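Peer 1: What follows is a predicted structure for the sequence shown.
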Amino acid sequence: MIVELGHYALILALFVALVQAAAPLTGAAIGNRALMALAGPAAQAQLLCLGIAFAVLMHAYIASDFSVLNVAENSHSAKPLVYKIAGVWGNHEGSMLLWVTVMALYGAAVASFGHTLPERLKARVLGVQGLLGVGIITFILFTSNPFQRLSPAPLEGHGLNPLLQDPGLAVHPPMLYMGYVGFSLTFSFAIAALIEGRVDPAWARWVRPWALAAWSFLTAGIALGSWWAYYDLGWGGWWFWDPVENASFMPWLAGTALIHSALVVEKRDALKRWTILLAIITFGLSLIGTFLVRSGVLTSVHAFAVDPARGLFILVLLLLVIGGGLLLYALRAANLEPGGLFQPISREGGLVLNNLLLATATATVFIGTLYPLFLDAVGGGTVSVGPPYFDSTFVPLMVPLLIAVSVGPLLPWKRGDVLGALARLKWVAAASLVAALVTWYAERGGPVMAVGGMAVACWLILGAFVSIGERIRLFGEWRGALNRARHLPRASWGMAIAHAGLGVAIIGMMGALWRVEDIRAVKSGEQFAVGPYQVRFDGTAEVPGPNYTAQEGRFTVTRGGTVFAMTPSKRRFTDPPQVVANTAIHTTGLSDLYLVLGDEDPQDGAWAVRAYYNPLIPLIWGGAGIMMLGGLCSLSDRRLRVGVPLKRPDLVSATAKG
Amino acid sequence: MSRGWYRLLYLVPFVAFLGLALFVLYHRIGTRSDPSLVPSQLADKKAPGFDLPALRPGEGKVASADFAGRPVVINFFASWCIPCRSEHPVLEALHRDGVEVIGVAYKDKPEATRQFLDQFGDPFKRIAADQDGRVGIDWGITGVPETYVLDKAGIVRFWQRAPLSEADAKKIEPLMQALAK
């Protein structure tokens, strides 16, 4: 009964979405205020319906209701509660429901907090959100219904893939979806602007907080995914350029370009047409990321043969949303008024360079990721172009971008002076050179990548510091600097924090080049060295877990005077039957010792052990966390906070006239 | 500025996307062909020769001349290639059944290849290290894994641009026996 209620709420959501799409868009077109006013309540009702549907599915998982096909296929009564909950989005149907629920959440947020939006723009934005909702809810109802019943109900479910029973992966998809779906709002704003035929700085000011929020969540989602790959897959690597990772990385690259180009629209009323295109492309990539990955199309195109209805539906949906958006763009973009002019050497010029490089990088990843798909389409087969392709195409594009990151913020708007900016960076450049030399000396020549990488990281972190220092005139009259720092816009702090976070993450990435690996067979009592650590193997023991039995390796590790224990294990799950290696990681915050227990040799009782000493690697996620904080800090800027433009009527009326 | 031909510029993203979408639609929905049936440019032609350093220390070089006069399976693989992991058990099975499989480690660091083989097992009679991918270019491979069966005269008799499945192994084994006669 409860399950049917959820199904009913989902169907109701479809009708609410139809109203949310039809009424405000019509109202905005004919100037009917009553119809436009429907948008807000419809968006809130949409959240209510989808919230109920989602809560019902979660209840079915928590209660282990195996009469629901989706629960029977993906859950098990002996699973710990947290993985029963995470199991809701650990499968295609449930994750689609989460996706559309998050979208309703964003829609309702605009409806509830967007008091300052012009009536017509708000109606159109919510109307486009409603259209997207119609498409995706239809997709769920007709091809991926999570409320499908199963009769007779089995006594026990199939269980969740043990690799997914992990705290990192429990929160990774919601974070990722908060990011992906956040870009649906920037898409809706772009479409609404195309329909209105007007983009102005006020529009950019309304769009930027949503883009920043989506970007921050996506950053966190990608970092969590990479962290999971690091400690769960047992390879010691953190990024594999595999299609699933790339699918989330592409919208991140495009979204990064978007938050930068929206800044130009906001400050200088320029780059409008490009920003609109970028908003459409970013959401397009988010859609491709979600649908192609979740449906399995990206990893194996044969998913189409397995479920042609679902595959065809996805393609048609992508065609309508992205194709429709781009068609509208083709028809209307030329009508947008061109904005302010600027010299090539200026803050705007720097941001154009940033956008060019990021767009090219996105295209590079796109080609590398989808090339196997196209090859397969023409009859090739599943092949992989792998890291060699990305190393030789993506990395060279990043170098000029990273160098420009520290210069850009020092250029004034309209017309700048590159030599002047570089002169202010001379100490940063000197410090970067020192960092490169120290790395080179410590490594006796070492990998060129590491020497260059350390210099770039230093350049970014100190460059961010200088960008703040320049704003508060720290280097001139430092007395009033603290006071000026307090009044510096949060957006400036956010930018500096995010840029510095990028530098910190790059230090972590370079750490991989100093990795020490050791693979050996050890018997109980044997000792070996990994990097600065001495590791002693003390045998294994069987330890029962909630829904598995673990074969636990006991290791005693010493470094200097400190002694601690590490217990990498192999977990043997029964439902489904699968063995998962559970790595043990000891981190100091600046380096990791990483142990993986392999198999026992039946003849001499020795255990295979893989050990890695990973210097600096934790900084990758630390850096990503700092970047996310930067995004959130920028989001809290008072000019972006909802409601503020109202208090400055001069600005609103000025933009309304312009 | 925004008049006339200039307007057509804004059509470019749409046209590009449409082209891409139609391409995928046509090939995925329109034709459901079996990819392995599409002939290679090398099919029934003599395979290009190669002469590469051996991956295992002390084995010197691996050259195509070494196996002239007997049929052989050539497998391009790499440690960074995820599909290669899925086909690895099939190669192991071929190896157990006495099929001579020569591995070509494509654009891979030798130590990474060795680690890969330590972990998953080594089904190869000999392994050539094609570190800069030269031989891959000569053979016209588009990615890894790719597998070729050459007869006594070095002519390509079977070719696959995808991971081998157990069904493929069942095709390859009798083919190798027939070619050995």
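Peer 2: That came in fine, so what should we check first?
Peer 1: what is the residue nearest the centre of chain B paired to in the beta sheet?
Peer 2: In chain B, the C-alpha nearest the mean C-alpha coordinate belongs to residue B:146, at 1.2 Å (Cα atoms, centre = their mean). Beta bridges link residue B:146 to residue B:76, judged by DSSP bridges.
Peer 1: List the residues that contact it.
Peer 2: A:383, B:75-76, B:139, B:159-161 (Cβ atoms under 8 Å, 6 or more residues apart in numbering or on different chains). All C-beta atoms are positioned from the backbone trio N, CA, C, and that covers glycine.
Peer 1: which among these gets closest to residue A:7?
Peer 2: residue A:383 (41.6 Å; Cβ to Cβ).
Peer 1: Quick check, pLDDT for that closest one.
Peer 2: Predicted confidence (pLDDT) for residue A:383: 59.
Peer 1: Do I have it right that residue A:225 meets residue A:249?
Peer 2: No. No contact is recorded between residue A:225 and residue A:249 when judged using Cβ atoms under 8 Å, the distance being 9.7 Å.
Peer 1: can you give me the helices in chain B?
Peer 2: Under the criterion DSSP state H, chain B contains helices at B:12-25, B:82-96, B:110-120, B:134-139, B:166-180.
Peer 1: so which of those comes closest to chain A?
Peer 2: helix B:12-25 (3.9 Å; Cβ to the nearest Cβ).
Peer 1: care to break chain B down by domain?
Peer 2: B:3-33, B:40-180 (automatic domain parsing).
Peer 1: is stretch A:123-142 up against chain B anywhere?
Peer 2: No. Stretch A:123-142 lies out of reach of chain B by Cβ under 8 Å from any Cβ of the partner chain, never closer than 15.5 Å.
Peer 1: what do you get for stretch A:391-401?
Peer 2: No. Stretch A:391-401 lies out of reach of chain B by Cβ under 8 Å from any Cβ, never closer than 9.8 Å.
Peer 1: could you list every residue that touches residue B:71?
Peer 2: B:100, B:149-152, B:157, B:176, B:179-180.
Peer 1: go again using 7 Å as the cut-off
Peer 2: B:149-152, B:176, B:179-180 (Cβ atoms under 7 Å, 6 or more residues apart in numbering or on different chains).
Peer 1: What are the buried residues along stretch B:139-156?
Peer 2: Residues of stretch B:139-156 classed as buried by neighbour count (16 or more other Cβ atoms under 10 Å in any protein chain shown): B:139, B:141, B:143-151, B:154-156.
Peer 1: By proximity to chain B, which residue of the stretch 101-250 of chain A wins?
Peer 2: Closest point on the stretch 101-250 of chain A to chain B, by Cβ to the nearest Cβ, is residue A:242, at 6.1 Å.
Peer 1: most packed of the domains of chain B?
Peer 2: Mean neighbour count (mean count of other Cβ atoms under 10 Å in any protein chain shown) peaks for domain B:40-180 among the domains of chain B, with a mean of 18.
Peer 1: The host helix or strand of residue A:619 - contacts with which helices or strands?
Peer 2: Residue A:619 belongs to helix A:618-635 when assigned by DSSP states H and E. On a contact count with 3 or more Cβ pairs under 7 Å, 6 or more residues apart in numbering or on different chains; DSSP states H and E, helix A:618-635 meets helix A:201-232, helix A:490-511.
Peer 1: got the angle between that helix and helix A:201-232?
Peer 2: 160 degrees (axes from the mean of the first three to the mean of the last three Cα atoms, to 10 degrees).
Peer 1: How far away from the center of its chain is helix A:618-635?
Peer 2: 12 Å (Cα atoms, centre = their mean, to the nearest Å).
Peer 1: now stretch A:227-245
Peer 2: The answer for stretch A:227-245 is 15 Å, by Cα atoms, centre = their mean.
Peer 1: okay, how far is it across it, tip to tip?
Peer 2: Start-to-end span of stretch A:227-245 (Cα to Cα, to the nearest Å) is 12 Å.
Peer 1: ok, residue A:515 to residue A:38 distance?
Peer 2: From residue A:515 across to residue A:38, the span is 58 Å (Cβ to Cβ, to the nearest Å).
Peer 1: do the same with residue A:77
Peer 2: 45 Å.
Peer 1: Which one of these two is surrounded by more residues?
Peer 2: For the pair residue A:77 and residue A:38, the greater number of neighbours falls to residue A:38 (22 against 14), based on other Cβ atoms under 10 Å in any protein chain shown.
Peer 1: from memory that one sits against residue A:23, does it?
Peer 2: Yes. With contact defined as Cβ atoms under 7 Å, residue A:38 counts as touching residue A:23 (4.3 Å).
Peer 1: what about the stretch 351-500 of chain A, any weak spots by pLDDT?
Peer 2: A:372-385, A:444-446, A:476, A:478 (pLDDT under 70).
Peer 1: Tell me how many other residues surround the nearest residue to residue A:410 once chain neighbours are set aside.
Peer 2: Distance criterion Cβ to Cβ, 6 or more residues apart in numbering or on different chains; nearest residue to residue A:410, sequence neighbours excluded, is residue A:421 at 4.0 Å. Neighbour count of residue A:421, defined by other Cβ under 10 Å: 20.
Peer 1: give me every residue that touches residue A:421.
Peer 2: A:407, A:410-411.
Peer 1: Which ones among the residues you listed lie within helices?
Peer 2: Judged by DSSP H, helices contain the following of the contacts of residue A:421: residue A:407.
Peer 1: and which of the contacts of residue A:421 is nearest to chain B?
Peer 2: residue A:411 (25.5 Å).
Peer 1: Kindly report the domain assignment for chain A.
Peer 2: Split by automatic domain parsing, chain A gives A:1-165, A:425-514, A:516-616.
Peer 1: OK, contacts around residue A:449?
Peer 2: residue A:513.
Peer 1: Oh, that last question was meant for residue B:117, not what I typed.
Peer 2: By Cβ under 7 Å, 6+ apart, no residues touch residue B:117.
Peer 1: Would you point out which residue of the stretch 451-600 of chain A is nearest chain B?
Peer 2: Counting by Cβ to the nearest Cβ, the stretch 451-600 of chain A gets nearest chain B through residue A:519, at 6.5 Å.
Peer 1: Check for me that residue A:598 belongs to a strand.
Peer 2: Yes. Counting by DSSP: H, G, I helix; E, B strand; the rest coil, residue A:598 is found in a strand.
Peer 1: mind listing what's buried in the strand or helix carrying residue A:351?
Peer 2: Assigned by DSSP H and E, residue A:351 belongs to helix A:347-377. Residues of helix A:347-377 classed as buried: A:347-355, A:357-359, A:361-362, A:364-366, A:368-373, A:375-377 (neighbour count, 16+ other Cβ under 10 Å).
Peer 1: One more: stretch A:61-69?
Peer 2: Neighbour-count burial for stretch A:61-69 [16+ other Cβ under 10 Å]: A:61, A:64-66, A:68-69.
Peer 1: What strand or helix carries the residue of the stretch 201-350 of chain A found nearest chain B?
Peer 2: Nearest to chain B in the stretch 201-350 of chain A, going by Cβ to the nearest Cβ, is residue A:326, at a distance of 3.9 Å. Secondary structure from DSSP H and E places residue A:326 in helix A:324-332.
Peer 1: what about chain B, any weak spots by pLDDT?
Peer 2: B:1-4, B:25-43.
Peer 1: and if we set it to 80?
Peer 2: B:1-7, B:23-44, B:82-83, B:137, B:140-143, B:161-162 (pLDDT under 80).
Peer 1: Could you find the closest non-adjacent residue to the residue most central in space within chain A?
Peer 2: What sits nearest the mean C-alpha location of chain A, by Cα atoms, centre = their mean, is residue A:218, with 2.3 Å. Distances taken as Cβ to Cβ, 6+ apart put residue A:179 closest to residue A:218, at 2.7 Å, once the chain neighbours are dropped.
Peer 1: count of residues packed around the one you found?
Peer 2: 26.
Peer 1: and of the domains of chain B, who's closest to residue A:609?
Peer 2: Nearest of the domains of chain B to residue A:609, taken as Cβ to Cβ: domain B:40-180 at 12.7 Å.
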